[in-house]
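**Student:** dropping the sequence and predicted coords here.
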Amino acid sequence: MPEPTMSAVLGLWQDRPPEENVTVARLADEFGFPELWIGEMATYDTFALAVAVARSTRRIDFCLGPFAVHVRTPMTVAVGAASVASLTGRRVDVALGTSSDVVVERWHGRTRDRPARTLEDHAIATAELLSGRRADLDLDTVHTSGYRLRLGPPGSSMTIAAFGSQAVAAAGRVADRMLLNMVTPDGARRLCGELERSATAAGRSRPRVAAWLPAAVDPTPETIAQITTGLVIYLAAPGYGEMFTEAGFGNLVDLARSGAHPRDVFAAVPVELLESVGLIGSANDVRHRVDDYVAAGVDEICVVPATAGDAAARTLRTLAPR
């Protein structure tokens, strides 16, 4: 079985001190992870955080995003990525996604129309701008003319975060890499197959597949509570609920979709649910779980370390590239 690429992810856990993310970045760099994923949620701006992380680390490269395509324009993503590359000297790759109705419509007041079409158009336009070429594009959902980067082009690869079939198909047509977030091995196998078919139809090789997976080696009760809090919102989400039902947790999905209070859903979540979509347990447990994802077609394991109960250091040390 091939060895997967191992990368680290800043979890941006909403119930933890934001500055912990810089500590996690420092640990990932210390333990030899080649790439750090820096997303965007409710605290730090991604580009600002990347520059701060570069000041606290020695060599780790970055993948920035996934950025919400209904919120960030291709030009802002390209300029931001080029700025980080120029200011830090690190390699900077880029990821795009469709985010959620809460983030796009409630927080930003934007309309989340035609998400798959918007995702593909933004990937095309952003990649064109990142190449350093002048972008003159009139796509269904993106219109840009006359701009090219004034900074050196960062040479970024393009990752598309996908879960639904249309987003997976878009990744097969235009992405260098597809990102899956918190998925079971069976779910990963199915999505890798969909990606292969889309890429083949487009006359391309299948893009690499990365999976963000919550991780905790020898978790304490506090660690389990942290991961559970982050997972509860996914139980009722379209696609995720069906995946968890297939994994044998349909009763929890029904509870979440019934409108039950999140604390009641939280109390009902067994550790087995966390284990179904993550790297959780002893060192041997998590290594075997990595093998399950590789067998399903995942090329890159993206470790999202929990931090409660001092879990980050032992988790990153255990899963560091060999």
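**Tutor:** Great, that's in hand.

**Student:** now do the helices in the protein.
**Tutor:** 20-30, 46-56, 74-88, 101, 115-130, 165-174, 185-201, 221-232, 240-244, 250-257, 262-268, 271-276, 283-295, 311-319 (DSSP state H).

**Student:** looking at the ones you listed, which has the lowest confidence?
**Tutor:** Lowest mean pLDDT within those: helix 101, at a mean of 85.

**Student:** point out the other helices and strands that that one packs with.
**Tutor:** Judged by 3 or more CB pairs under 8 Å, 6 or more residues apart in numbering; DSSP states H and E, helix 101 is in contact with no other helix or strand. Quick note: C-beta positions are derived from backbone N, CA and C, even for glycine.

**Student:** can you report how many residues lie near the closest residue to Val92 other than its chain neighbours?
**Tutor:** What sits nearest to Val92 in space, not counting adjacent residues and going by CB to CB, 6 or more residues apart in numbering, is Ala85, at 4.3 Å. Using other CB atoms under 10 Å, Ala85 has 24 other residues around it.

**Student:** mind putting the helices of the chain in TSV, distance to Val9 included?
**Tutor:** TSV is the format used below for these (distance: least, CB to CB, whole Å):
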stretch	distance to Val9
helix 20-30	9
helix 46-56	12
helix 74-88	17
helix 101	23
helix 115-130	20
helix 165-174	18
helix 185-201	16
helix 221-232	12
helix 240-244	18
helix 250-257	24
helix 262-268	22
helix 271-276	16
helix 283-295	14
helix 311-319	11
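
**Student:** who's sitting farthest from the centroid in the protein?
**Tutor:** Distance from the centre of the chain peaks at Gly146, with 31.1 Å (CA atoms, centre = their mean).

**Student:** Leu12 - nearest residue in space that isn't next to it in sequence?
**Tutor:** Met41 (4.5 Å).

**Student:** so the one you found sits against Trp13, correct?
**Tutor:** No - under the criterion of CB atoms under 8 Å, Met41 makes no contact with Trp13, lying 9.2 Å away.

**Student:** what about the two, which has more around it?
**Tutor:** Counted by other CB under 10 Å, Met41 and Trp13 do not tie: Trp13 has more neighbours, with 23 against 14.

**Student:** what pLDDT does the model give that one?
**Tutor:** 92.

**Student:** quick check: phi and psi at it.
**Tutor:** phi -60, psi 130 (degrees, to the nearest 10).

**Student:** I'd say it and Gly230 touch.
**Tutor:** Yes - the criterion here is CB under 8 Å, and Trp13 meets it with Gly230 at 6.3 Å.

**Student:** out of the helices of the chain, which gets nearest to Met1?
**Tutor:** Comparing these against Met1 with CB to CB, the closest turns out to be helix 283-295 (5.7 Å).

**Student:** list the buried residues of the closest one.
**Tutor:** 286, 289-290, 293-294 (16 or more other CB atoms under 10 Å).

**Student:** and it, how far out from the chain middle?
**Tutor:** Relative to its parent chain, helix 283-295 has a centroid offset of 19 Å by CA atoms, centre = their mean, to the nearest Å.

**Student:** and if you look at stretch 167-182?
**Tutor:** On CA atoms, centre = their mean, the centre of stretch 167-182 falls 11 Å from that of its chain.

**Student:** same thing with stretch 279-286?
**Tutor:** 21 Å.

**Student:** next: stretch 116-124.
**Tutor:** Worked out by CA atoms, centre = their mean, stretch 116-124 lies 17 Å from the chain centre.

**Student:** ok, Val69 touching Val94?
**Tutor:** No - under the criterion of CB under 8 Å, Val69 makes no contact with Val94, lying 11.4 Å away.

**Student:** settle it for me: which of the two has more neighbours?
**Tutor:** Val69 (30 against 25).

**Student:** any idea of the pLDDT on that one?
**Tutor:** pLDDT, read off for Val69, is 98.

**Student:** begin at 532 from here
**Tutor:** Done: numbering now begins at 532, and the last item shifts to Val600.

**Student:** next, count neighbours for the closest residue to it other than its chain neighbours.
**Tutor:** Distances taken as CB to CB, 6+ apart place His653 nearest to Val600, at 4.1 Å, with adjacent residues excluded. Neighbourhood size, His653 [other CB under 10 Å]: 28.

**Student:** so how far is Arg645 from His653?
**Tutor:** 11 Å (CB to CB, to the nearest Å).

**Student:** what is in contact with those two at once?
**Tutor:** Shared between the contact lists of His653 and Arg645 (criterion: CB atoms under 8 Å, 6 or more residues apart in numbering) are residues Thr672.

**Student:** so where's the longest strand in the chain?
**Tutor:** Across the chain, the strand with the greatest residue count (assigned by DSSP state E) is strand 739-748.

**Student:** is Phe598 in contact with Asp624, as I believe?
**Tutor:** No - Phe598 is beyond contact range of Asp624, at 12.0 Å (criterion: CB under 8 Å).

**Student:** quick one: which of these two has more around it?
**Tutor:** Set Phe598 next to Asp624 and count neighbours by other CB under 10 Å: Phe598 wins out with 26 against 22.
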